[in-house]
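What follows is a predicted structure for the sequence shown.
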Amino acid sequence: MPAVLVYVTTSDGAADEVALQALALGAQVAAGGPVHALVIGDAVAAASLGAYGASQVHVAEHASLAAFAPDARARVIADCAASVGAAVIVGPGTEGGNTVLARVAARADLPFSANCSSASGLNPMSVTRSRWGGSLAEAARLHGDRVVISAAPHTVAINQTGGSAAVSTFAPALDDADLVVRVVDKVAPAASGISLAEAKVVVSGGRGVGSEAGFAPVEDLAGLLGAAVGCSRAVTIAGWRSHTAQVGQTGTKIAPDLYIAAGISGATQHMAGCRGAKKILAINKDNEAPIMGDADYAVIGDLFEVLPAISAEIRRVRGA
């Protein structure tokens, strides 16, 4: 049973959801063997990882790691993997996670398989990968005594074991070459209340809303449901909404309890972002729109009639 190292990303003192899914995938690969978790500078988040399957947690602390520097993180991961004798390195299949893991693989000339929903064995390792935005599952084998894989977002169930893990802190060795590529500034998105990635309900509008002003009924329903407002790529291209609201392969991948898509045709790239939703309600005038094949519920009609009707019924039931 191979030793596994899982790169766990964090924010605000807690492990990211996809990172916990990666930890579950790591435990799957370890098959009872040791599962090491690596956290960059977040001892608060590290303390909870034993409850999700980690047998030991390592916290890398270095002033230069405060900003995102993918090569520096790759070096930390590679060095930590070598020190614990990990044959498998796992991480979250997010944009940032895959960016770092690709560098880990390149440093040591290791095979890398991104966006895996399952994995087992070693040399060869059998993996199932999500391809074409999650519309295709590919079975593949990785040959090598050491391999790198990432967990496809929202395809692996988080494993809450209730256990505990020893936490140790170390200072990694870094040099100037590791810090050539780094984030030096961030432009904060306009405040929009509920986080798109974490919302339990998301109401999105597509090209069918017609204009920026056409989002009024989308926002009204979202407000009543305590939901986040999303959109399709066509909307961001038109300039009606910010890219931060985009759901899709090149936007945010979401996994709400309910996803309401109004005036969205459902291109493969968009469905890649909302495939993790437990339920999808599609509202579209075209009953042959691609999204209808993925929707759990569908309303064939004009969104400017359907959305206000839903909002009115919610207000009636609530007595508002």
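Good, I have the coordinates.

hey, let's count contacts and neighbours off CA atoms from now on
Fine.

if you skip the residues just before and after it, what's nearest to A234?
Nearest non-adjacent residue to A234, counting by C-alpha to C-alpha, 6 or more residues apart in numbering: R207, 5.9 Å away.

wait, the one you found sits on A262?
No. Counting by C-alpha atoms under 8 Å, R207 does not reach A262; the two are 9.0 Å apart.

what's across from S11 in the sheet?
The partner list for S11 in beta bridges (DSSP bridges) reads A14.

Run a quick neighbour tally on the residue nearest to A234.
20 (other C-alpha atoms under 10 Å).

Quick one: residues contacting it.
Counting by C-alpha atoms under 8 Å, 6 or more residues apart in numbering, R207 makes contact with S232, A234, V235, G263, I264.

State the distance from it to I237.
10 Å (C-alpha to C-alpha, to the nearest Å).

Equivalent analysis for F68, please.
F68 is 28 Å from I237, by C-alpha to C-alpha.

Check S204 too.
If you go by C-alpha to C-alpha, the gap between S204 and I237 works out to 15 Å.

Those two: who's more crowded?
With neighbours defined as other C-alpha under 10 Å, S204 and I237 compare such that S204 has more, 26 against 12.

Let me know whether that one touches V229 as I believe.
Yes. Contact criterion C-alpha under 8 Å: S204 and V229 qualify, at 5.6 Å.

Looking at the contacts of R207, which are in helices?
Per DSSP state H, helices hold the following members of those: A234, V235.

how about the strands in the stretch 201-320 of the chain?
All strands of the stretch 201-320 of the chain, identified by DSSP state E, counting those that start in this stretch, fall at 201-205, 228-231, 258-262, 279-284, 297-300.

In terms of secondary structure, what does the last one contact?
In terms of contacts (3 or more C-alpha pairs under 8 Å, 6 or more residues apart in numbering; DSSP states H and E), strand 297-300 is packed against strand 279-284.

what angle separates the strand it packs on from strand 258-262?
When axes from the mean of the first three to the mean of the last three C-alpha atoms, to 10 degrees is applied, the directions of strand 279-284 and strand 258-262 differ by 10 degrees.

helices and strands around strand 279-284, which ones?
strand 258-262, strand 297-300, helix 303-318.

most tightly surrounded among those?
Ranked by mean neighbour count, the helices and strands packed on strand 279-284 are led by strand 258-262 with a mean of 27 (mean count of other C-alpha atoms under 10 Å).

Averaged pLDDT, whichever helix or strand Q28 is part of. What do you get?
Assigned by DSSP states H and E, Q28 belongs to helix 17-30. On average, the pLDDT along helix 17-30 is 96.

How about stretch 296-304?
Stretch 296-304 shows a mean pLDDT of 97.

how far is that stretch from where the chain is centred?
Computed by C-alpha atoms, centre = their mean, to the nearest Å, the separation of stretch 296-304 from the middle of its chain amounts to 28 Å.
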